[in-house]
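>>> this one's structure only:
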């Protein structure tokens, strides 16, 4: 059975395609209510249940404070009236490594809480955050340290990639007072031993606009030991890259396109005159336009269905239906990463916690 046939079968099981039709007919693709139950699980894990599962329940009060503080700090940065250049300059001028490490930890906990609410939490993965004004990206560039990365090279400009060491451990034996080793800061650890955050500021992308890519990692870039760990992890990622399905394991939400979708897209559009170009543009292994590129190509072609050969029309509609059902923000994403529309998130009520009444001191 071909990859596209499996996609169609799964779409039919999900009632996205009418079985009784002689040709695959997509049901209610334009109706968000039809797809809401696919994107948003009716039974997401509670924060308490999640913290129990990652052995961080003893940090729950501190983590709830971190989530609330992170939300306040993101709001303060993204609504700051200063220019992007001024935000970047001030962030570099006021660099306090331990304080900024705690700020980033709080921000990441806020993002983890948003992912948890949508049942998109992960053991290893990344966030792609909309940042229309570029202010959050400017702040991270100001407080971070430039570094190399193999991620999203096609979409990152020089000087826009860096990282922030958090110097923590999420071991169950870690106490709130021992977490921030070598500093006076206090705060909860991130889950799954993440101790570093890679950032890539993406500016003026034709498909995504301004956004900030954030990937929590278990090792920083300072010191020989961390560099050795990064080299080992990179070697593992190369093996996964060329092993079909290796980037789709449970608990992984990276910016990679699932191999099954790359194969299904290639199989579907190859007969078209511009199919080979579309396949190359979409790319694979996080090196192209990804799922957003698939969505753009499929929607543009299906806008004039009479111009399509009958042999590709139904498979293209089935693949588009599958993408819309499987993913939120399908037009903007690269792969399986968690996409956060921060403007929409910050427009609602922010999480609260005792003692949190505004942004961190450095952002006031």
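Nice, I can see it. These numbers were taken from a predicted model, which means no experiment stands behind them. Numbering: from 1, shown residues only.

>>> so where is the protein shaky, pLDDT-wise?
1-42, 150-151, 153, 155-156, 167-186, 221-249, 284-286 (pLDDT under 70).

>>> tell me the domain boundaries of it?
3-39+257-335, 52-251+341-363 (automatic domain parsing).

>>> got a markdown table for those, with distance to residue 45 and mean neighbour count too?
No exception for glycine: its C-beta is placed from N, CA and C like everyone else's. Shown next, in a markdown table, are the domains of the chain (distance: least, Cβ to Cβ, whole Å; neighbours: other Cβ atoms under 10 Å):
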| stretch | distance to residue 45 | mean neighbour count |
| --- | --- | --- |
| domain 3-39+257-335 | 16 | 17 |
| domain 52-251+341-363 | 6 | 18 |
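
>>> just after the lengthiest helix in the chain, pick out the following helix or strand.
Looking across the chain with DSSP state H, the single longest helix is helix 97-117. Note on helix 97-117: by DSSP states H and E, the next helix or strand toward the C-terminus is strand 124-125.

>>> what sits up against that next one?
Applying Cβ atoms under 8 Å, 6 or more residues apart in numbering, the contact partners of strand 124-125 are 192, 215, 251, 252, 253, 254, 336, 337, 338.

>>> same thing with stretch 130-137?
So stretch 130-137 is in contact with 74, 77-78, 80, 84, 87, 129, 160, 199, 201-203, 208-212, 332, 339-343, going by Cβ under 8 Å, 6+ apart.

>>> which ones among those residues map onto strands?
129, 199, 201, 202, 203, 209, 210, 211, 212, 339, 340 (DSSP state E).

>>> let me know the closest of those residues to residue 94.
residue 199 (17.9 Å; Cβ to Cβ).

>>> before we move on, which element is the residue lying closest to the closest one once chain neighbours are set aside in?
Leaving aside its sequence neighbours, residue 199 sits nearest to residue 140 (Cβ to Cβ, 6 or more residues apart in numbering; 4.6 Å). Assigning secondary structure by DSSP H and E places residue 140 in helix 135-143.

>>> who's in contact with the helix or strand following that helix?
Scanning forward in sequence from helix 135-143 by DSSP H and E, the next helix or strand is strand 145-146. With contact meaning Cβ under 8 Å, 6+ apart, strand 145-146 is reached by 159, 161, 162, 163, 164, 165, 221.

>>> swap in stretch 331-340?
111, 114-115, 118, 120, 122, 125-130, 152, 207-208, 211, 213, 247-248, 252-258, 286, 289-292, 295-296, 327-329.

>>> one step back: what about the contacts of strand 145-146, which are in strands?
161, 162, 163, 164, 165.

>>> re earlier: which one of the ones in strands among the contacts of stretch 130-137 is nearest to residue 280?
residue 202 (20.6 Å).

>>> bridged to the closest one, which residues?
Beta-bridge pairing for residue 202 (DSSP bridges): residue 211.

>>> show me where the stretch 201-350 of the chain has strands.
For the stretch 201-350 of the chain, the strands defined by DSSP state E, counting those that start in this stretch occupy 209-217, 252-253, 338-340.

>>> of all these, which one is nearest residue 67?
strand 338-340 (13.8 Å).

>>> can you list the strands that that closest one pairs with?
Counting by DSSP bridges, strand 338-340 is paired with strand 127-130 (parallel).

>>> and the partner strand, how far from the chain's centre?
Relative to its chain's centre, strand 127-130 lies at 5 Å (Cα atoms, centre = their mean, to the nearest Å).

>>> these two touch, right, residue 67 and residue 353?
Yes. With contact defined as Cβ atoms under 8 Å, residue 67 reaches residue 353; the gap is 7.0 Å.

>>> returning to that earlier point: quick one, the helix holding residue 140 and strand 161-165 angle?
70 degrees (axes from the mean of the first three to the mean of the last three Cα atoms, to 10 degrees).

>>> what angle sits between helix 135-143 and strand 209-217?
If you take the same axes, to 10 degrees, helix 135-143 sits at 50 degrees to strand 209-217.

>>> what angle sits between helix 135-143 and helix 97-117?
150 degrees.

>>> from here on, count from 767
In the new numbering, first residue 767, that becomes helix 901-909.

>>> and residue 973, what does it touch?
Contacts of residue 973 by Cβ under 8 Å, 6+ apart are 1055, 1058, 1059, 1062, 1097, 1098.

>>> 10 Å instead?
By Cβ atoms under 10 Å, 6 or more residues apart in numbering, the contact set of residue 973 is 921, 1055, 1056, 1058, 1059, 1061, 1062, 1097, 1098, 1099, 1100.

>>> tabulate those (JSON lines), appending distance to residue 1073.
As requested, the contacts of residue 973 are exported to JSON lines (distance: Cβ to Cβ, whole Å):
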{"residue": "921", "distance to residue 1073": "31"}
{"residue": "1055", "distance to residue 1073": "22"}
{"residue": "1056", "distance to residue 1073": "25"}
{"residue": "1058", "distance to residue 1073": "23"}
{"residue": "1059", "distance to residue 1073": "20"}
{"residue": "1061", "distance to residue 1073": "19"}
{"residue": "1062", "distance to residue 1073": "17"}
{"residue": "1097", "distance to residue 1073": "22"}
{"residue": "1098", "distance to residue 1073": "26"}
{"residue": "1099", "distance to residue 1073": "27"}
{"residue": "1100", "distance to residue 1073": "28"}
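
>>> of these, which pair is most distant in space?
Most distant of the contacts of residue 973, by Cβ to Cβ, are 921 and 1061, 16.5 Å apart.

>>> next one: phi and psi at the closest residue to residue 1122 other than its chain neighbours?
Taking Cβ to Cβ, 6+ apart, and ignoring the residues beside it in sequence, residue 1122 has residue 834 as its nearest neighbour in space, at 4.1 Å. Dihedral angles of residue 834 (phi, psi; degrees, to the nearest 10) stand at phi -60, psi -40.
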